[in-house]
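Enquirer: I would like the atomic coordinates for the input below:
(one chain, ligands or ions: 1)
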Amino acid sequence: MTSTTHHPLEDGATEHYDVVVIGAGVSGLYALHHLRGMGLSVRVYDGAPEIGGTWWYNRYPGARVDGPSAPLYCYTFSDELVQEWDWTETQAAQPEVLAYVEYVADRFDLRRDIRLETWVQDARYDEATQRWTVETSTGLRASAQFVVCAVGALSVANKPDIPGIDDFGGECFHTGDWPQEPVSFSGKRVGVIGTGSSGVQSIPEIAKEAAHVTVFQRTPQYSVPARNRPLEPERLAEVRKNWDAIRAEMAAPPQGADFAPFPGNGRSAFEETPEQRHALYEELWQEGSLSFVAGNYPELLMSEEINREVSEFLRGKIRQVVRDPETADKLMPDYFYATKRPILDDGYYETFNRDNVTLVDLRQDPIETITSTGVRTATREHALDMLVLATGFDAITGSMLRLDPKGRGGVSLKEKWQSRFHNYLGMTINGFPNLFMIHGPGTPGVLYLMPLGAELETDWIANCVRYLRDQGLGAVEPTHDAEKTWDREVTELANKTLFPRTDSWYMGSNIPGKPRHFSVHLGGPGYFQRIVEVAAKGYEGFVFEEEHRAASTAG
Ligand code: NA7
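Expert: Numbering: from 1, shown residues only. So this is what the prediction gives:
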């Protein structure tokens, strides 16, 4: 049991709200807009000096949306917004996404209810008052009936546990916590550890400027050309004209399938010849972007045979690009394609043809230690002026565990989630009444359109809050059994696929000691249909508590 000691504020003042939202990223901003629009008093806290969440932190060179920004990676709740915001590229770069988020905050007058540079350091549920108390880094204390955790699925940077990492004497930056000031690579020897999306996006950009780049690769990756380009005004006009239909399609449940992390092309790989399949792979590769996955056969993630064929196709593309056969060999991925997050690039493999880029295969030549002047691997010393850690995140659950709310009886989330991330619908947790998560474990989260997913989850949360208020109820939480059922559903969907066969951050296996289980719901849009059904059945799997009269003063 965790201590329930409170740290009283000097002035003892507590602010009262209906809802505290933690996080002012894409999800938190929509939650504020929507819940405030229902007449609730809402306060948002965020530790960063500016809004934007993941898009504020991840400003490394080359960072951009890894799918179409318009019409897919954008808010859908306001038709006016769709008409007003002119996306300039098919896959917007980080500065443009951040500018968009800032525009939204101003357009809907959100900033007045947001407190920045304010970390929530403690969040505790009080069973007597049925309210949460949050304590912040600025000394502010707030009480709220509901807490919405919009803390991000890719927010807690994973600093690798490499010996000597704190001894490095040069500049050292994590892609997920990139400096706000411009970073110059000019004339520098730069080492990049990690070849996930962040490494693959940043390495070509860094190599254009640096004296030398050494890439430290643990797992070779498949990557497909992003083929980002300026967004033609005609295309934007078309999106705007057909917006209602496009939005409906984005949220449409799959036809007759419960498994739909990617829409698929509606054709069966087994009903086509190898030549037809190869023609499709080539067509999709030429198209680039996430189309390579989204437009592929539905069997891509279900069938070893089809996945192997696609993987071999992509390995062939690497061989065609990389001139030095030894380097090409080191770059050959050997896991099932797309069971790690699919990566898009702009000249990643071509970068290894440059004279100023060296690839170190850590499987053959592991890092022994980081020294004050560079990285020492088993075979040699790599002298460096700068180290870029593109080593990813404690994804999906890390930010909730960093927050570590304390529920009934003072039990902390860390205690609850020691061996498995039990929750219901990915949004609620037994023992933590009136607390909601957006993009939590067990939602489609990182495998869906994240802004739209955040809207749909928030809408569900808002309806649940409305229900509670309308019925004069004080608290809601899922049952233990509902959590077990949900866990089984998420796991069974995953077990139909190749995902659990690969070490990935979807599986939690990138973080030493983290429970290894797949924590993304693979239902795609079907998930949203599912949660609406739960509500329609009188919130099946939830228990509600009458309002304790003594608690009804605040708000
Ligand atoms: P990822 O996808 O988790 O990639 C992290 C990379 O760092 C990956 O290549 C890892 O190798 C590597 N890594 C992690 N720890 C180490 C250590 N200790 N030594 C060597 N290499 C290491 O994170 P990203 O930031 O690239 O992408 C995250 C998401 O953000 C992305 O999918 C987009 O949605 C946006 P591994 O593969 O684990 O062997």
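
Enquirer: show me where pLDDT drops low in the stretch 151-300 of the chain?
Expert: Low-confidence segments of the stretch 151-300 of the chain (pLDDT under 70): 253-261, 263.

Enquirer: quick one, strands of it?
Expert: Along the stretch 151-300 of the chain, the stretches classed as strands by DSSP state E, counting those that start in this stretch are 171-174, 189-193, 212-217, 223-225.

Enquirer: quick one: which of those strands is nearest the ligand?
Expert: Closest approach to the ligand among these (C-beta to the nearest ligand atom): strand 189-193, 5.1 Å. Yep, even glycine has a C-beta here, placed from its N, CA and C like the rest.

Enquirer: tell me how far that closest one is from the chain's mean position?
Expert: How far strand 189-193 lies from its chain's middle: 25 Å, per C-alpha atoms, centre = their mean, to the nearest Å.

Enquirer: Could you do stretch 99-112 as well?
Expert: Between the centre of stretch 99-112 and the centre of its chain there are 21 Å (C-alpha atoms, centre = their mean).

Enquirer: need the strands of the stretch 151-300 of the chain in TSV with distance to Glu135 and mean neighbour count, can you?
Expert: TSV is the format used below for the strands of the stretch 151-300 of the chain (distance: least, C-beta to C-beta, whole Å; neighbours: other C-beta atoms under 10 Å):
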stretch	distance to Glu135	mean neighbour count
strand 171-174	27	18
strand 189-193	36	25
strand 212-217	40	24
strand 223-225	44	22
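
Enquirer: where does the closest residue to Pro405 other than its chain neighbours fall, helix, sheet strand or coil?
Expert: Spatially, and ignoring its direct neighbours in sequence, Pro405 is nearest to Ala123 (4.2 Å; C-beta to C-beta, 6 or more residues apart in numbering). Three-state call for Ala123 (DSSP: H, G, I helix; E, B strand; the rest coil): strand.

Enquirer: Do I have it right that Ile531 meets Trp460?
Expert: Yes: Ile531 lies in contact with Trp460 (C-beta atoms under 8 Å); the separation is 5.2 Å.

Enquirer: Could you export the strands of the stretch 151-300 of the chain as CSV, including distance to Tyr348?
Expert: Converted to CSV, those look like this (distance: least, C-beta to C-beta, whole Å):
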stretch, distance to Tyr348
strand 171-174, 19
strand 189-193, 12
strand 212-217, 10
strand 223-225, 5
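
Enquirer: Touching stretch 90-103 from outside, list them.
Expert: Contacting residues not belonging to stretch 90-103 are listed as 25-26, 29, 50-52, 55-56, 58-60, 63-70, 73-74, 85, 87-89, 226-231, 289, 344 [C-beta atoms under 8 Å, 6 or more residues apart in numbering].

Enquirer: Would you show me how to pick out the buried ones of those in ChimeraX?
Expert: In ChimeraX syntax, the buried subset of the contacts of stretch 90-103 is picked out as below (16 or more other C-beta atoms under 10 Å):
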select :25,26,29,50,51,52,55,56,58,59,60,63,64,65,66,67,68,69,70,73,74,85,87,89,226,227,228,231,289,344
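
Enquirer: re earlier: nearest to Phe499, of the strands of the stretch 151-300 of the chain?
Expert: Nearest to Phe499, of all those, is strand 223-225, at 18.3 Å by C-beta to C-beta.

Enquirer: related to what we said a few turns ago, in the sheet, who's paired with the residue nearest to Pro405?
Expert: Val134 (DSSP bridges).

Enquirer: Quick one: neighbours of it, just the number.
Expert: A count of nearby residues for Ala123, using other C-beta atoms under 10 Å, gives 24.

Enquirer: check contacts around it.
Expert: Ala123 touches 20, 22, 132-135, 147, 403, 405-406, 435, counting by C-beta under 8 Å, 6+ apart.

Enquirer: Which helix runs longest in this protein?
Expert: helix 450-470 (DSSP state H).

Enquirer: Taking helix 450-470 as reference, get the angle to the helix or strand bottoming out on mean pLDDT in the chain.
Expert: Here the helix or strand of the chain ranked lowest by mean pLDDT, DSSP states H and E is helix 243-250, holding a mean of 88. Helix 243-250 and helix 450-470 are oriented at 90 degrees to each other (axes from the mean of the first three to the mean of the last three C-alpha atoms, to 10 degrees).

Enquirer: Spell out which residues of the stretch 151-300 of the chain are next to the ligand.
Expert: With C-beta under 6 Å from any ligand atom as the criterion, the stretch 151-300 of the chain comes near the ligand at residues 154, 160, 162, 175-176, 193-199, 218-219.

Enquirer: what would these look like in TSV with distance to Trp119?
Expert: Output for these, formatted as TSV (distance: C-beta to C-beta, whole Å):
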residue	distance to Trp119
Leu154	18
Pro160	24
Ile162	27
Thr175	21
Gly176	17
Ile193	27
Gly194	26
Thr195	31
Gly196	26
Ser197	27
Ser198	24
Gly199	28
Arg218	32
Thr219	33
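
Enquirer: So which residues on the chain come close to the ligand?
Expert: 66, 154, 160, 162, 175-176, 193-199, 218-219, 341, 362, 390-393, 505, 510.

Enquirer: about what we covered before: and the least confident helix or strand of the chain, how far from the chain's centre?
Expert: On C-alpha atoms, centre = their mean, the centre of helix 243-250 falls 23 Å from that of its chain.

Enquirer: Flag every buried residue along it.
Expert: 246-247.

Enquirer: Other residues contacting that helix?
Expert: The contact list for helix 243-250 (C-beta under 8 Å, 6+ apart) reads 71-72, 76, 79, 82, 239, 449, 452, 525.

Enquirer: Produce a ChimeraX select command limited to the buried residues of the residues you listed.
Expert: Selecting only the buried entries of the contacts of helix 243-250 in ChimeraX, with 16+ other C-beta under 10 Å as the criterion:
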select :71,72,76,82,239,449,452,525
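
Enquirer: Sounds good, over and out.
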